[in-house]
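Enquirer: Here is the input, now give the coordinates:
(chains A, B, C and D)
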Number of protein chains: 2
Amino acid sequence: MSAGEKIAAKADGRLVLEDFLPYRLSVLTNRISHALAREYGARFGLSIAEWRVMAVLGRFAPASANEVSERTAMDKVRVSRAVARLKRSGLIVAATDKADRRRSALRLSAPGKRTYRRIVPLALGLEAELIGALTPTERTTLDGLLAKLHARAEVLDRG
Amino acid sequence: MSAGEKIAAKADGRLVLEDFLPYRLSVLTNRISHALAREYGARFGLSIAEWRVMAVLGRFAPASANEVSERTAMDKVRVSRAVARLKRSGLIVAATDKADRRRSALRLSAPGKRTYRRIVPLALGLEAELIGALTPTERTTLDGLLAKLHARAEVLDRG
DNA sequence: CCAATTTAGTTGCAAATGAAACTAATTCCA
DNA sequence: TGGAATTAGTTTCATTTGCAACTAAATTGG
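Expert: Alright, predicted model coming up:
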């Protein structure tokens, strides 16, 4: 390396796309989501949104639709619809929250849990292939960097 | 740190979502794209897809639609439609490639360049706020890590 | 050479999406 | 208290998306 850190701009006011962080993250994420969706999409008939809802419930149930929306950064309409489909297909169940009757307490049903347990290894497998590109030290480093970016992005998205 | 690197799985077969790399990238990217789209969306009436096409052309013109699709990991249909709208609104122009008449050679028009030059600072500003969370050394590190992940993800998305 | 295949890009159609408006329940505070 | 403002979630509607099938041009190989 000769001239220090990269900046995604040229003197002429052009954007050096391949150095521009939002662009790089977007391409990377697109490719990963796509590869992952191919795994469970065909096999289990789930959309990306549906799997994400299930993943949140597998980890944080019971949760409200709003909580799912916050945790995934998905639009609340999108969540509402994914939840409706999952209820219809019996993979999740909803109870009305006793403390706040506007809110529903979502959980995986027994069949939902079975499906979840079959998808998790696929997801972990893909992640393993992905981070196989990194050494253990690099993984720890990445972890810290993403945490910092995440904190900052959360603020920006409100602004 | 006590117990070494994080693994996004529990012994009970559950997915620890907040440690799962695809999930973290997806949330981070969603937030950033959203914040960015708010900047140029309202002000310039551009969709995310349209801005991405312009960004690629600002950097790599002339380019074919297919090239844009590969560079952004966007579906070719999505690109085709973004291109059609941008042509209609006069922000880009298309010439038929002399060597291969199926292909069109896309470029920013003069008005397109003006719009591009007004958006670039917004994009860079947002990126600056984002990577303001990192030290220069960390930025360089992140750069390398993303490059490795990107290379790996490219392979996965074909498999 | 030219028929068979591949590649660039578009279009039809059904499904996914999201902003805005809405309903219903809750909280806030005068 | 009780009406105003807030919050959870849904529905409406116009737009966006993407698979699949298509057209047109280029390439391949027999």
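Enquirer: Restrict stretch A:60-69 to CA atoms and write it as CSV.
Expert: In CSV, the C-alpha atoms belonging to stretch A:60-69 read as follows (Å, rounded to 0.1, in the frame of the first residue of the first chain):
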residue,chain,number,x,y,z
PHE,A,60,-36.6,-14.3,20.5
ALA,A,61,-40.1,-15.8,20.8
PRO,A,62,-42.5,-14.6,22.0
ALA,A,63,-42.2,-11.4,19.9
SER,A,64,-44.6,-8.9,18.5
ALA,A,65,-44.7,-8.1,14.8
ASN,A,66,-43.2,-4.8,15.6
GLU,A,67,-40.3,-6.3,17.4
VAL,A,68,-39.7,-8.5,14.4
SER,A,69,-39.8,-5.5,12.2
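Enquirer: Report the contact partners of A:Ile131.
Expert: Applying CB atoms under 8 Å, 6 or more residues apart in numbering or on different chains to A:Ile131 gives the contacts A:139, B:21, B:149. All C-beta spots, glycine's among them, are computed from the backbone N, C-alpha and C.
Enquirer: among the residues you listed, which are in helices?
Expert: Using DSSP state H, the subset of the contacts of A:Ile131 located in helices is A:139, B:21, B:149.
Enquirer: Any regions of chain A where pLDDT drops low?
Expert: A:1-7, A:9-11, A:157-159 (pLDDT under 70).
Enquirer: where along it do the helices fall?
Expert: Using DSSP H, helices in chain A cover A:21-44, A:48-60, A:65-72, A:76-88, A:110-131, A:136-156.
Enquirer: Deepest in the core, which of those is it.
Expert: The highest mean neighbour count among the helices of chain A, using mean count of other CB atoms under 10 Å in any protein chain shown, belongs to helix A:48-60: a mean of 22.
Enquirer: elements contacting it?
Expert: helix A:21-44, helix A:65-72, helix A:76-88, strand A:92-96, strand A:104-108, helix A:110-131, helix B:21-44 (3 or more CB pairs under 8 Å, 6 or more residues apart in numbering or on different chains; DSSP states H and E).
Enquirer: Now tell me what touches the second one from outside.
Expert: The set of residues external to helix A:65-72 that reach it, using CB under 8 Å, 6+ apart, is A:52-53, A:56-57, A:60, A:63, A:74-76, A:79-80, A:83, A:103-104, A:106, B:17, B:23, B:26-27, B:30.
Enquirer: which ones among those come in contact with DNA strand C?
Expert: By CB under 7 Å from any atom of the strand, the members of those lying near DNA strand C are A:74-75.
Enquirer: Return the member of the contacts of A:Ile131 nearest to DNA strand C.
Expert: B:Leu21 (20.6 Å; CB to the nearest atom of the strand).
Enquirer: Verify the stated contact: the closest one with A:Glu129.
Expert: No: the criterion here is CB atoms under 8 Å, and B:Leu21 misses it with A:Glu129 at 10.8 Å.
Enquirer: Out of the contacts of A:Ile131, which comes closest to B:Ile48?
Expert: B:Leu149 (21.9 Å; CB to CB).
Enquirer: quick one: contacts for that closest one?
Expert: So B:Leu149 contacts A:28, A:130-131, A:133-134 (CB under 8 Å, 6+ apart).
Enquirer: before we move on, back to that, want to throw the helices and strands packed on helix A:48-60 into JSON lines with distance to B:Pro121?
Expert: Below are the helices and strands packed on helix A:48-60 laid out as JSON lines (distance: least, CB to CB, whole Å):
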{"stretch": "helix A:21-44", "distance to B:Pro121": "14"}
{"stretch": "helix A:65-72", "distance to B:Pro121": "31"}
{"stretch": "helix A:76-88", "distance to B:Pro121": "31"}
{"stretch": "strand A:92-96", "distance to B:Pro121": "45"}
{"stretch": "strand A:104-108", "distance to B:Pro121": "43"}
{"stretch": "helix A:110-131", "distance to B:Pro121": "33"}
{"stretch": "helix B:21-44", "distance to B:Pro121": "10"}
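Enquirer: returning to that earlier point: looking at the contacts of B:Leu149, which one is closest to DNA strand C?
Expert: Nearest to DNA strand C among these, counting by CB to the nearest atom of the strand, is A:Leu28 at 18.5 Å.
Enquirer: Just list the residues touching the closest one, thanks.
Expert: B:25, B:29, B:146, B:149-150, B:153.
Enquirer: please redo it, this time with the cut-off set to 10 Å
Expert: Listed by CB atoms under 10 Å, 6 or more residues apart in numbering or on different chains, the contact set of A:Leu28 reads A:130, B:22, B:25, B:29, B:73, B:146-147, B:149-150, B:152-154.
Enquirer: swap in A:Val155?
Expert: Applying CB under 10 Å, 6+ apart, the residues near A:Val155 are B:31, B:35, B:129-130, B:133.
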